[in-house]
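Peer 1: Build me a model from this:
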Amino acid sequence: ASIPLKELEQFNSDIQKLLEPLEAEIQQGVNLKEEDFNKDMNEDNEGTVKELLQRGDNLQQRITDERKREEIKIKQQLLQTKHNALKDLRSQRRKKALEISHQWYQYKRQADDLLKCLDDIEKKLASLPEPRDERKIK
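Peer 2: Residues are numbered from 1 along each chain as shown. Now for the predicted structure:
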C-alpha cells in the first residue's frame, strides 16, 4: 500500500503542475497572444494529459481505498474538462487570428522596420565625434 501511496502523491503533484498553467491560459480567455499567429502552434500538453489520465486509471485499479479512487477520478475529470476548455479557447483564438493575420503581419513588418530605423539612429549617434554638434544630433 505504501508504493501506491507514493505514486498517488506523485500523481497529485503532477496533475497540479499541469492544471496551473492550463488554468492560467484559460483565464486569458479569447484574448489573442503573439503565439496564436504561429501556424505551427502545437498542442504541447496533449501527450502529458493523456499520460496523466492513463496513470490515474492505473492507480484507480490498484488502490483499494474507495475514497482515494474517487479523488483520482475527480481530478481526472477536472483535468479533462480544463484541457477540453483550453482546446476550445485555442481554436477560437486561432480562428480570430486567421481573420486578422494580414493586418498582424503588416503591423509586425512595420514594427520591425521601426526598430531597425531606431537601431540605425543609435549607431549614427554613437559614431558622432566629441564634442557633439547639437545640429547634427537633431
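
Peer 1: how much space is there between residue 56 and residue 25?
Peer 2: Between residue 56 and residue 25 the computed distance is 22 Å (C-beta to C-beta, to the nearest Å). In short, each C-beta sits where N, CA and C put it, glycine included.

Peer 1: Just want to know which of these two has more residues nearby.
Peer 2: Looking at residue 56 and residue 25 with other C-beta atoms under 10 Å, you find the greater number of neighbours at residue 56, namely 24 against 17.

Peer 1: so which strand or helix has the more buried one?
Peer 2: Using DSSP states H and E, residue 56 sits within helix 46-62.

Peer 1: which SS state does the spatially most central residue of the chain fall under?
Peer 2: Centrality entry for the chain: nearest residue to the mean C-alpha point is residue 25, 6.3 Å, by C-alpha atoms, centre = their mean. With DSSP: H, G, I helix; E, B strand; the rest coil as the basis, residue 25 sits in helix.

Peer 1: Hmm, residue 87 and it touching each other?
Peer 2: No - in this structure, residue 25 is not within contact of residue 87 by C-beta atoms under 8 Å, at 10.7 Å.

Peer 1: how close does residue 35 sit to residue 97?
Peer 2: 9 Å.

Peer 1: And for residue 49?
Peer 2: For residue 49 relative to residue 97 (C-beta to C-beta), the value is 23 Å.

Peer 1: what do you get for residue 12?
Peer 2: Residue 12 is 35 Å from residue 97, by C-beta to C-beta.
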